[in-house]
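Student: Build me a structure from this.
(chains A and B)
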2 protein chains.
Amino acid sequence: MVATINRSSFVPMKQVNINDPFWGPYIELVRDVVVPYQWDAINDRVEGAEISHAVQNFKIAAGMAEGEFYGFVFQDTDVAKWLEAVAYLLAKEPNDKLEAIADEMIDIIEKAQQPDGYLNTYFSIKAPELKWRNLTEAHELYTAGHMIEAGVAYYQATGKSKLLDIVCRIADNIADVFGDGPDQIPGYDGHQEIELALVKLYHATNNEKYLQLSKYFIDKRGTNDFFREEAEKRDWSSIWHNGKIHIDREYFQAHKPVREQSEAVGHAVRVVYMLSGMIDIARETNDESLIEASRTLWNNIVSKQMYITGGIGSMVHGEAFSFDYDLPNDTVYAETCASIGLIFSAQRMLQLEPNAHYADVMERALFNTVISGMALDGKHFFYVNPLEVFPQQCHGHNKNFNHIKPVRPEWYGCACCPPNLARLLASLGDYMYSVNDNTIYSHLFIGGTTKVAVAGQEIVLTQHSELPWQGKVSYELELEASAAFALAVRVPNWSNKTTIRVNGEEIAVEALLKNGYAVIERAWSNGDKVELELDMSIKRMKAHPKVRANAGKVALQRGPLVYCIEQADNGPDLQLVRLPDNAELKLAYNSELANGVYTIEATGLSVDMEAWQHDLYAANTSLPLKEKKLTFIPYYTWANRGEGEMMVWVKE
Amino acid sequence: MVATINRSSFVPMKQVNINDPFWGPYIELVRDVVVPYQWDAINDRVEGAEISHAVQNFKIAAGMAEGEFYGFVFQDTDVAKWLEAVAYLLAKEPNDKLEAIADEMIDIIEKAQQPDGYLNTYFSIKAPELKWRNLTEAHELYTAGHMIEAGVAYYQATGKSKLLDIVCRIADNIADVFGDGPDQIPGYDGHQEIELALVKLYHATNNEKYLQLSKYFIDKRGTNDFFREEAEKRDWSSIWHNGKIHIDREYFQAHKPVREQSEAVGHAVRVVYMLSGMIDIARETNDESLIEASRTLWNNIVSKQMYITGGIGSMVHGEAFSFDYDLPNDTVYAETCASIGLIFSAQRMLQLEPNAHYADVMERALFNTVISGMALDGKHFFYVNPLEVFPQQCHGHNKNFNHIKPVRPEWYGCACCPPNLARLLASLGDYMYSVNDNTIYSHLFIGGTTKVAVAGQEIVLTQHSELPWQGKVSYELELEASAAFALAVRVPNWSNKTTIRVNGEEIAVEALLKNGYAVIERAWSNGDKVELELDMSIKRMKAHPKVRANAGKVALQRGPLVYCIEQADNGPDLQLVRLPDNAELKLAYNSELANGVYTIEATGLSVDMEAWQHDLYAANTSLPLKEKKLTFIPYYTWANRGEGEMMVWVKE
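Tutor: So this is what the prediction gives:
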């Protein structure tokens, strides 16, 4: 075993108390609305909602109830992700009632586990003969992975080890079943997740077996034709269809070994979950080939296949990546879960090598696609996050658009995104600070108080942030004794001019810049204060000329927020709108939208449709433009005022 | 029976001898390549081609061979359309060998017909118990309609009545089976075609029963829930799927009575075949409500749902219309057959009311989408006619584009378009001239000699046309004796300045204009000559501002030809190209493309991609434009030089 290299470790959320006017309400929403609502949902107590049956499945498998399995093959994960979100809430704040409910659920789970450690209600109840025989479709290891994440989180939050013990037995069983031994399965799951989960379990238990098992899945993937081999043994039966299974190895990223995958292809969530696992293993085992492969895959995603909103996966077919620079704004997928997975990967890349680029992407995804995924009532969600919507297209017979919802629906039959959002927001503290030797990195501008061990003591770092509305951010340090270390503050890629003051005195930022961070190295004293003034000017963004969908178009961004125009402010027929080079752009405050937002008021132009006195086509006609006041709103707030057109990329 | 009103009648192709440098080669191709090739194809003699079995099905049904039915439920129509095309060839030129083959085929068909007149090999061989029980899907009347068209054409071409007698027995049987009587079926076909076919049969036989039967189908359509009613009786069984049938009445234009259908919805070919039947019945029965409904439906199609190429049907899903102004250039369907059906409708509208608008549309479809449908070798065909192609999109996993072929394939399993093209081109003479009282209308500029009965004599009209390359068109009249009548020459909507000379003397066109025709009324003498000089300047075309896909874009048209840019001339990344307002546009001759074409050379602009030194997105960057020489080629010639990008609508 190569010695593990902790290039940089994130400060765990337990030590981070978020107190931020922007993010606070989201986290409270998760606590007060999303988590209780989801408990009701998975217990089938929400009137009118689709049946979940997730808790009931566990009760049946535990012998506590009679009945049949119901739901998706991965229905158990709804319970697991709920428990994980609960754990993050409990880590921050005691809640006896919630903890008692969770404990009770864990008791049921324990009873549902089989003597050999196997735990999956679909197979226990419905298809025991197919156990471990259809990894391609059955999400069996994926489901195990989510339970493992829950077990680790619950243990770390509460110190209670029952669920951790359960998931260790799951992992032990998997370690017995999978491998290159004579009676083992030389395979991997159709949906990556187990890999990153096992690394978490390794960290929680220090049992290297789990790390090795994770590494096995990473290393094995795509080296053989496993999915076809297991299908042959099943006579090509499928879980989903009555017919025979069709295997597209690219969809599962099993078309080549992970180290040879230079382009992101197939199901987007699978890609970023896999990438997270790859980075974990690369870091833990100091595997240079895997580090390089991780960088390559990451770079392909963010430099060729990512929307300006941080959305990834441009095709509804397979919820998948298509190819470089193919980023249609209207037929897009950009699943909320995929951007969450991108954040998982970014956080891990930051552990590998602190570079503000990763945090820039993390922030882009977080402030745009991720929170676009949830309405501020905590009860309406987007699965798909388009950058351009023309509602009539979504309602018609055109299947290219039927996956696009012009307003956030209440819940989903396949409810992967809402609980994923819940667990991310509830654990947001995990993504803010990392420590490397004697350097504290601040990656995200989110207010709160953090305890960080550095230079032999535990210091308290308090951040105030006026983002995303104003560019003022400050850090105050509480130290028991003065100490020399570095505070590395991210200089975001959207800030063209960044001023930093230490105890009121401006410092030369350029000279301190290292990989996108202003690394302020000095002997710090108690009460020291670092103030940032970030450039919050409105940016006219362009896309790479290879992006066909955005040719001749511009998008507005201010700070981390991408903006869009909506019919509610600008009327219908947004295709008429132009935003010329010299358009005046001004900020305005709108207290009625979301919790209050800054809009951008622009003096744009609009094609004068009244002037068109022709048929469908006309020769040598010039289309007169008239001045039009345009209102841009932050992308994350779209579709909160009824159904209407929306557009991020506007013609220049 | 209301007296029929022959508002205007087309001169039948038998009297029209086309002799045109542009169209001649197409018609020769049909004669020399397409028809012989298709005979081999439907006899399964083409190596490597998909099995047709169409002739064999008839032999089996005739008791002349053993075996099972094979192919689509409408496989018989491949034989019928082939016979129809053969008839048109024989009408122009004797061909003993071809006629003998056709006669032999007709003998087989006769033997395959059942005693009651029923003729459909799918149901005879494979599913006699389902006869007339699944009109929704089975194309039973559609198949009958095509055989009726063949029977009429073959009779008119050769004078032989065997096939006409066969199809009369088919029609008689249908008249027995369908209707509102106690033992009759009160329904209609899932795919319109029988309606227009029965009107042709009525004209060939003067038997009014066939006109009434056609009118029955037109009148009945959409007045009841027939498809669901018959499905219920079948326990919702489906021909296509193992599962149950799903009925979308809009797909079949059975959602409301035809007189109430103000918007074209559903399968595009069905719509225009239906519309053709509607116009036929409207004209024959002088039904004002049906005339109005036909105009309304026509206008919706051409003023809100037609591509500039004359393509219709913008969705692959259902090969269907979507909604007004929804005309995506890249995910488009625009089936060749649909534009052929649009031409059928245009010809019939011209019979109803001579108006150059209909001929303009006919010409647009003919010169662009229709001939784009076939390569000049007569062996490669497009089903789908996109206006923008990025080949990588078509080959990937994105099902939005999988129907788009970047080059013409050899043949299709469902081979509806190639024979449809063959029969249209072989009968092109049918679409050129019509006569109304004392007026001869010239609708299309296609050279040749025509015999027209007018003013009590049969005159000979010889047209010379330099279209589509030059605007010179002339007509020479041969008369036995001088006579007074009108020659109405279409002034196409693309000609901004049209000069007309009669015997060398210019006349005032404006004063003569009536519904888009210059109506030259005079006493004509033998040897009189009318010369037209049409405006062939290059037109910068714009689309209605409601067309989102074309906002900010321009297309070039010259004469009837729409132009496009291709990668072969302009390199890749066509999204970089701009064609500013003031771009110089010049004609150039290219002898190597097709049979020689005029291209348009433009001084355009192109985004300088080399200047982009950024990531995927960048702020406040201006994208420098550099001059770029652009070559536009006629749309119909695209995809003849290998695979590459193509674009009709270019950013301004």
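Student: can I assume A:V34 sits in a helix?
Tutor: Yes. Going by DSSP: H, G, I helix; E, B strand; the rest coil, the assignment for A:V34 places it inside a helix.
Student: buried residues in stretch A:518-537?
Tutor: Within stretch A:518-537, the residues that count as buried by 16 or more other Cβ atoms under 10 Å in any protein chain shown are A:518-520, A:524, A:528, A:530-537. All C-beta spots, glycine's among them, are computed from the backbone N, C-alpha and C.
Student: Can I get it as PDB, trimmed to CA atoms?
Tutor: As requested, C-alpha coordinates have been extracted for stretch A:518-537 and formatted as PDB (Å, rounded to 0.1, in the frame of the first residue of the first chain):
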ATOM      1  CA  ALA A 518      -4.500  35.100  -2.800                       C
ATOM      2  CA  VAL A 519      -2.200  33.400  -0.300                       C
ATOM      3  CA  ILE A 520      -1.800  35.700   2.600                       C
ATOM      4  CA  GLU A 521       1.100  34.400   4.600                       C
ATOM      5  CA  ARG A 522       1.900  36.200   7.800                       C
ATOM      6  CA  ALA A 523       2.000  36.000  11.600                       C
ATOM      7  CA  TRP A 524      -1.700  36.300  12.500                       C
ATOM      8  CA  SER A 525      -2.900  37.700  15.700                       C
ATOM      9  CA  ASN A 526      -6.200  37.500  17.400                       C
ATOM     10  CA  GLY A 527      -8.700  39.900  15.900                       C
ATOM     11  CA  ASP A 528      -7.000  40.200  12.600                       C
ATOM     12  CA  LYS A 529      -9.300  41.000   9.800                       C
ATOM     13  CA  VAL A 530      -9.100  40.400   6.100                       C
ATOM     14  CA  GLU A 531     -11.500  42.300   3.800                       C
ATOM     15  CA  LEU A 532     -12.200  41.500   0.200                       C
ATOM     16  CA  GLU A 533     -13.800  43.800  -2.300                       C
ATOM     17  CA  LEU A 534     -14.700  41.700  -5.300                       C
ATOM     18  CA  ASP A 535     -15.600  43.100  -8.700                       C
ATOM     19  CA  MET A 536     -19.300  42.900  -9.100                       C
ATOM     20  CA  SER A 537     -19.600  44.600 -12.400                       C
END
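Student: do it and chain B meet?
Tutor: No. Applying Cβ under 8 Å from any Cβ of the partner chain, one finds stretch A:518-537 separated from chain B by no less than 8.8 Å.
Student: Show me which pair in the buried residues of stretch A:518-537 is furthest apart.
Tutor: For the buried residues of stretch A:518-537, with distances taken as Cβ to Cβ, the pair at the greatest spread is A:W524 and A:S537 (31.3 Å).
Student: Name the residues of the stretch 351-500 of chain A found near chain B, please.
Tutor: Residues of the stretch 351-500 of chain A that fall close to chain B, judged by Cβ under 8 Å from any Cβ: A:F390, A:Q392, A:Q393, A:G396, A:H397, A:N398, A:K399, A:N400, A:W494, A:N496.
Student: The fifth one contacts B:S322, correct?
Tutor: It stands for A:H397. Yes. Under the criterion of Cβ atoms under 8 Å, A:H397 is in contact with B:S322, at a separation of 6.9 Å.
Student: what sits in contact with each of those two?
Tutor: When contacts are counted by Cβ atoms under 8 Å, 6 or more residues apart in numbering or on different chains, A:H397 and B:S322 have B:M315 as shared neighbours.
Student: Who has more neighbours out of the two?
Tutor: A side-by-side neighbour count of A:H397 and B:S322, using other Cβ atoms under 10 Å in any protein chain shown, places B:S322 first with 25 against 18.
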